[in-house]
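Peer 1: After the sequence you'll find the predicted model.
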Amino acid sequence: MNLIASIQKDNVHAFSQVYETFHREIYGFIFQRTKSEFLAEEVTQLTFIKAWKNRAKLNHTLPINIQLFGIAKQVMIDELRKEANRFKYEGEAAATPFTDNLIKALESKDLMRLIDGDIANMPPVRRHVFELSRKQGLTHKEIAQMLNISNKAVEQHISKALLQLKQHLYSIML
C-alpha cells in the first residue's frame with residue numbers, strides 16, 4: 001500500500017513518517033522566503049495540520065512532497081496576508097517576530113539593491129519626492145516648497161512610492 005493511501009486510511013505512523021521526512025525541508029523552504037523563524041515554524045506546523053485534516057483529498061498521482069510544498073506555499077501566503085492586515089490596522093507599533101525579522105532582511109545588501117532598483121524605476125517626480133523625503137530627510141512642507149507643488153501632492157507621491165515598495169517586498173518574500 002502506498003504512503004498516501006495509508007495516510008488516507010488514518011495511518012498515523014505513515015503520517016509521522018512523512019512529517020519526519022519533510023518537516024525540515026518545509027521549514028527551510030518557508031524560512032528562505034520569509035527570513036522569519038517564527039513564521040517558518042508556524043507555517044510548517046499549519047502545513048502538516050492542514051495535510052492531516054485534508055488527507056482524504058490528497059492526490060494519489062502526485063508525490064506527497066509536491067503536495068506538501070503546495071500546501072505550505074498557500075499557508076504562507078495566508079499567514080503573510082493576515083500579518084499585512086494586522087500591520088495595516090495596528091500600525092507601525094505592531095512588532096511581531098515576522099516584522100522584526102523583516103527589518104533584519106531589509107538590512108541585507110541584496111534586498112537593498114532590489115529596493116534601490118525599485119526606486120530607480122519609479123516615475124521621475126515620485127522618485128525625486130521619495131528620495132528628498134527618505135534619503136535627505138526633508139519634511140513634506142520643505143519638499144512642496146522646493147518643487148513648487150502642494151503638500152497633498154507630496155503626500156500622494158510618498159504614499160504611492162511606499163505602496164509600490166511594499167507590494168514588491170511581499171512578492172520578494174514569497
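Peer 2: Yep, it's here. Numbering: from 1, shown residues only.
Peer 1: quick one: average pLDDT of the helix or strand containing residue 84?
Peer 2: Take DSSP states H and E as the rule and residue 84 turns out to sit in helix 64-90. Here helix 64-90 scores 81 as its mean pLDDT.
Peer 1: Please point out which parts of it sit buried.
Peer 2: For helix 64-90, burial by neighbour count (16 or more other Cβ atoms under 10 Å) applies to 64, 67-69, 71-73, 75-76, 79-80, 83, 87. From N, CA and C alone the C-beta is placed, and that goes for glycine too.
Peer 1: so residue 41 sits right up against residue 28, yeah?
Peer 2: No. With contacts counted by Cβ atoms under 8 Å, residue 41 stays clear of residue 28, the gap being 11.6 Å.
Peer 1: lowest confidence element among the helices and strands of the protein?
Peer 2: When each helix and strand of the chain is scored by mean pLDDT, DSSP states H and E, helix 97-106 comes last, with a mean of 52.
Peer 1: Check the burial of residue 154 by counting its neighbours.
Peer 2: 24 (other Cβ atoms under 10 Å).
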